[in-house]
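Undergrad: this one's sequence-less:
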């Protein structure tokens with residue numbers, strides 16, 4: 001799925017509105033958790049794709065360095 005930030009923000013608002021109309025506390029909590037996940041997706045999508053890609057590449061390389069599977073980068 002490659003929806004933009006506005007899509008995920010809208011979904012979060014919709015799910016929060018549904019949570020407000022739910023009488024069971026456990027259902028409300030679950031819906032609010034889902035809405036929080038949508039907000040996180042919105043934040044991630046608000047960062048340009050090329051910046052996300054570079055960040056993920058750095059993170060993957062750092063993880064491999066930590067696991068001993070990659071040579072440390074010169075800084």
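TA: Everything's here; your move. From a predicted model like this one, the values you see are computed outputs, not experimental measurements.
Undergrad: Next, please give the residue ranges for the helices of the chain.
TA: 5-20, 25-46, 49-67 (DSSP state H).
Undergrad: Any chance of those helices in CSV with mean pLDDT as columns?
TA: Listed next are the helices of the chain as CSV, based on pLDDT from 0 to 100:
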stretch, mean pLDDT
helix 5-20, 95
helix 25-46, 93
helix 49-67, 69
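Undergrad: got those helices as JSON lines, with mean neighbour count columns?
TA: All C-beta spots, glycine's among them, are computed from the backbone N, C-alpha and C. Putting those into JSON lines (neighbours: other CB atoms under 10 Å) gives the following:
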{"stretch": "helix 5-20", "mean neighbour count": "15"}
{"stretch": "helix 25-46", "mean neighbour count": "15"}
{"stretch": "helix 49-67", "mean neighbour count": "11"}
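Undergrad: Wait, residue 15 touches residue 38, no?
TA: Yes - Residue 15 lies in contact with residue 38 (CB atoms under 8 Å); the separation is 6.5 Å.
Undergrad: Give me the nearest residue to residue 18, chain neighbours excluded.
TA: residue 31 (5.7 Å; CB to CB, 6 or more residues apart in numbering).
Undergrad: Which residues lie in contact with that neighbour in this structure?
TA: 15, 16, 18, 19, 22 (CB atoms under 8 Å, 6 or more residues apart in numbering).
Undergrad: The same query, at a cut-off of 6 Å, please.
TA: 15, 18, 19 (CB atoms under 6 Å, 6 or more residues apart in numbering).
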